[in-house]
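**Q** Quick check, what structure comes out for this input:
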Amino acid sequence: MKVIKIGIAPQEKIRERVMAIAKGDLKPKASDPKIWFTSMRSLSQVLSDENRALLDVIRTARPSSISELAGITGRKQGNLSRTLKTMSRYGLVRMEKHDRCLRPVAQAERYLISA
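**A** Now for the predicted structure:
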């Protein structure tokens, strides 16, 4: 069972950390968060109850396309596509290209949040 570690820090601290890593001053540990949010509010918008349920459907049903996922969930394809794009930017979902379709793949089964 894959767990994604999520960190919450102000934008300035995240930027400082990235710059320190780029300069070689800081070596990230395996236990460090891989995904960062600037607030609990932004995290709660991306990992809302509805979106966590969507991730669960993606994990269990393994849809072959966004259209199939829309049919399973009853959500409109455009809305679903925007949600998946946001989740993809944060690394929660990977979009795989198969033929002419994009297939959503959930990246983890659990999330560990640290502030």
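
**Q** what's the least confident helix or strand in this protein, going by average pLDDT?
**A** Ranked by mean pLDDT, DSSP states H and E, the weakest helix or strand in the chain is strand 110-114, scoring a mean of 89.

**Q** partner strands of it, parallel or antiparallel?
**A** Here strand 110-114 is paired, per DSSP bridges, with strand 3-8 (parallel).

**Q** Could you list every helix and strand that the helix or strand containing Thr60 packs against?
**A** Taking DSSP states H and E as the definition, Thr60 sits inside helix 49-61. Using 3 or more CB pairs under 8 Å, 6 or more residues apart in numbering; DSSP states H and E, the elements in contact with helix 49-61 are helix 66-73, helix 77-90, strand 101-106. Yep, even glycine has a C-beta here, placed from its N, CA and C like the rest.

**Q** Can I get that helix in PDB, CA atoms only?
**A** Provided in PDB are the C-alpha atoms of helix 49-61 (Å, rounded to 0.1, in the frame of the first residue of the first chain):
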ATOM      1  CA  ASP A  49     -14.600  14.200   0.600                       C
ATOM      2  CA  GLU A  50     -15.800  14.200  -3.000                       C
ATOM      3  CA  ASN A  51     -12.300  14.000  -4.400                       C
ATOM      4  CA  ARG A  52     -11.100  11.300  -2.000                       C
ATOM      5  CA  ALA A  53     -14.200   9.300  -3.000                       C
ATOM      6  CA  LEU A  54     -13.100   9.900  -6.700                       C
ATOM      7  CA  LEU A  55      -9.600   8.600  -5.900                       C
ATOM      8  CA  ASP A  56     -11.100   5.500  -4.300                       C
ATOM      9  CA  VAL A  57     -13.200   4.900  -7.500                       C
ATOM     10  CA  ILE A  58     -10.100   5.300  -9.700                       C
ATOM     11  CA  ARG A  59      -8.200   2.800  -7.500                       C
ATOM     12  CA  THR A  60     -10.900   0.200  -7.400                       C
ATOM     13  CA  ALA A  61     -12.700   0.500 -10.800                       C
END
